[in-house]
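Asker: Structure, please.
(2 chains)
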Number of protein chains: 2
Amino acid sequence: MTITLYSLCGADVARPFSPHCWKVVMALHHKGLAFEERPLAFTVVPTVENGASKTVPVLRDGQELISDSFRIAQYLEEAYADAPSLFGGQGGIAASRLVEGYSQHVVHGAITRIALIDIHDMLDPVDQAYFRKSREERLGRSFEEMAAGRDAAIAALPAALQPLRHTLSFHPFVGGATPLFGDYILFGALQWLRITTGSIHLPPDDPVSRWFDRCLDLYQGVARAVA
Amino acid sequence: MTITLYSLCGADVARPFSPHCWKVVMALHHKGLAFEERPLAFTVVPTVENGASKTVPVLRDGQELISDSFRIAQYLEEAYADAPSLFGGQGGIAASRLVEGYSQHVVHGAITRIALIDIHDMLDPVDQAYFRKSREERLGRSFEEMAAGRDAAIAALPAALQPLRHTLSFHPFVGGATPLFGDYILFGALQWLRITTGSIHLPPDDPVSRWFDRCLDLYQGVARAVA
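Answerer: Numbers count the residues shown, from 1 in each chain, chains lettered A, B, ... in the order given. Have a look, this model is predicted:
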């Protein structure tokens, strides 16, 4: 039985960049599961698995079809309970939603302000049109306005990561001594920044940079191999 | 054997307001432990227990003397392992540091900008002098500048709470179906705002307001009784 992960890419299928899909890639490796990743362009996503979801990640595991990165992680935790835990108990599952909230509502905003034009430029023309329209509506400003604020956004990134830096002053991973899904949530955000812009825009001696390097080293460097 | 919690107050000893001390009050009730709370003024704190700590909370439990709210919670979890868990497993302990980081580096900043003058006005004159000097140095601006930004700070509070609101869209407490220490971390912050300013400055139908009310109802309304 093959596990299939539908993820997101631009014109280059070898460089999937979605933060939410990277969470699932790392979670599948964490569980030691073999899988096939199928990166798709933005405008192809709604056609996958007979229109099962408007967004990726989507995971097909035999008869099971699951969308949303957190629900996929919870599915993997239950379906592969004998493999290493992604959450370290019920309290870890619940608190990981706060990690997700912090990532999506603090970190993602900071990254979007840096990477938006880079993401656009990675896409095929048909996806560029979709991306510009949907993002300008969501953000309430034009791409040109976002581009003008890019340097300020890079300067603001370290402050947005202060809660993560605080956590890493106590243990090497968000999950403690070893990584858990909370790490993959925040890793996915910075991996998205790295793949789309070529850098995480932090000093190499920042504790967040060192943690990010530790995550890139996991699972035979699977995440480092995409650049 | 009596447990003693040293906490923080202003001129009115009946209104302890420290966010970190409220975390411990809630954690002690969570564990079902009887304790005596001794609220102290800012300038008295460094003299307690022979100068054991420059800050409160400080917990005395028989031969044990522990400072720092998170370390106290970890102590209670180990020393009273048969009582209800504060973390729901090892993953919960680790992820709670991210909750702490979010609370201290996102939520506390938003609250400080609202409550600073109110806190000052609650203190005895000797503590007012200490508080103004130490906070103006830490914040890099005068109390008068902070006061001028109070309305803007209140307007900015809902956005700072978006990660918590996200979490509460999945379960009634940060800890899941029932509260854990992650709830008390964020409850402590808003209880600090409530006691010092008389309000949490959020609409009553905000999911964060409803969650805060649920926390005020815990343990026979012990936190609601201080206002």
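
Asker: near chain B, which residues of chain A?
Answerer: Listed as neighbours of chain B in chain A under the rule Cβ under 8 Å from any Cβ of the partner chain: A:85, A:87-102, A:104-106, A:162-167, A:170-171, A:173-176, A:180, A:182. Backbone N, C-alpha and C define where each C-beta goes, glycine included.

Asker: What's the PyMOL line that selects buried ones from those?
Answerer: Buried subset of the residues of chain A next to chain B, written as a PyMOL selection, criterion 16 or more other Cβ atoms under 10 Å in any protein chain shown:
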select buried, chain A and resi 85+87+88+89+90+91+92+93+94+95+96+97+98+99+100+101+102+104+105+106+162+163+164+165+166+167+173+174+175+176+180+182
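
Asker: you'd agree A:L86 is in a helix?
Answerer: No - secondary structure assignment (DSSP: H, G, I helix; E, B strand; the rest coil) places A:L86 in coil, not in a helix.

Asker: In contact with the residue nearest to it when sequence neighbours are not counted, which residues?
Answerer: Once flanking residues are discounted, A:L86 sits nearest to A:F181: 4.2 Å by Cβ to Cβ, 6 or more residues apart in numbering or on different chains. Each residue near A:F181 by Cβ atoms under 8 Å, 6 or more residues apart in numbering or on different chains is listed here: A:K23, A:A27, A:H30, A:A73, A:L86, A:F87, A:G92, A:S96, A:G175.

Asker: Run through the helices of chain A in chain order.
Answerer: Assigned by DSSP state H, the helices in chain A fall at A:19-30, A:69-79, A:90-102, A:108-122, A:125-139, A:143-148, A:150-160, A:162-168, A:181-197, A:207-221.

Asker: which one of the ones you listed has the lowest average pLDDT?
Answerer: The minimum mean pLDDT among the helices of chain A belongs to helix A:143-148 (a mean of 90).

Asker: buried residues in that helix?
Answerer: Quick answer for helix A:143-148 (16+ other Cβ under 10 Å): A:M146.

Asker: Same question for stretch A:118-133.
Answerer: Residues A:D118, A:I119, A:H120, A:M122, A:L123, A:D124, A:D127, A:Q128, A:F131, A:R132 are the ones in stretch A:118-133 that count as buried (16+ other Cβ under 10 Å).

Asker: Which pair of the residues you listed spans the longest distance?
Answerer: A:D118 and A:D124 (15.0 Å; Cβ to Cβ).

Asker: Show residues contacting stretch A:193-205.
Answerer: Under the contact criterion Cβ under 8 Å, 6+ apart, stretch A:193-205 has outside partners A:15-17, A:111, A:114-115, A:118-119, A:122, A:154, A:157-158, A:161, A:190, A:208-210, A:212, A:226-227.

Asker: Can I get that stretch as PDB, trimmed to CA atoms?
Answerer: Provided in PDB are the C-alpha atoms of stretch A:193-205 (Å, rounded to 0.1, in the frame of the first residue of the first chain):
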ATOM      1  CA  LEU A 193      10.900  31.200   3.300                       C
ATOM      2  CA  ARG A 194      14.200  29.400   2.400                       C
ATOM      3  CA  ILE A 195      12.900  27.700  -0.700                       C
ATOM      4  CA  THR A 196      11.100  30.700  -2.100                       C
ATOM      5  CA  THR A 197      13.700  33.400  -1.300                       C
ATOM      6  CA  GLY A 198      17.000  31.400  -1.000                       C
ATOM      7  CA  SER A 199      17.500  32.300   2.700                       C
ATOM      8  CA  ILE A 200      15.800  32.500   6.100                       C
ATOM      9  CA  HIS A 201      17.200  36.000   6.500                       C
ATOM     10  CA  LEU A 202      18.600  35.400  10.000                       C
ATOM     11  CA  PRO A 203      22.200  35.600  11.300                       C
ATOM     12  CA  PRO A 204      23.800  32.100  11.400                       C
ATOM     13  CA  ASP A 205      24.400  32.400  15.200                       C
END
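
Asker: related to what we said a few turns ago, mind putting the contacts of A:F181 into a markdown table with distance to B:P46?
Answerer: Formatted as a markdown table, those follow (distance: Cβ to Cβ, whole Å):
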| residue | distance to B:P46 |
| --- | --- |
| A:K23 | 45 |
| A:A27 | 47 |
| A:H30 | 46 |
| A:A73 | 46 |
| A:L86 | 44 |
| A:F87 | 40 |
| A:G92 | 37 |
| A:S96 | 38 |
| A:G175 | 36 |
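
Asker: Around A:E136, count how many other residues there are.
Answerer: Other residues lying near A:E136 total 16 when counted by other Cβ atoms under 10 Å in any protein chain shown.
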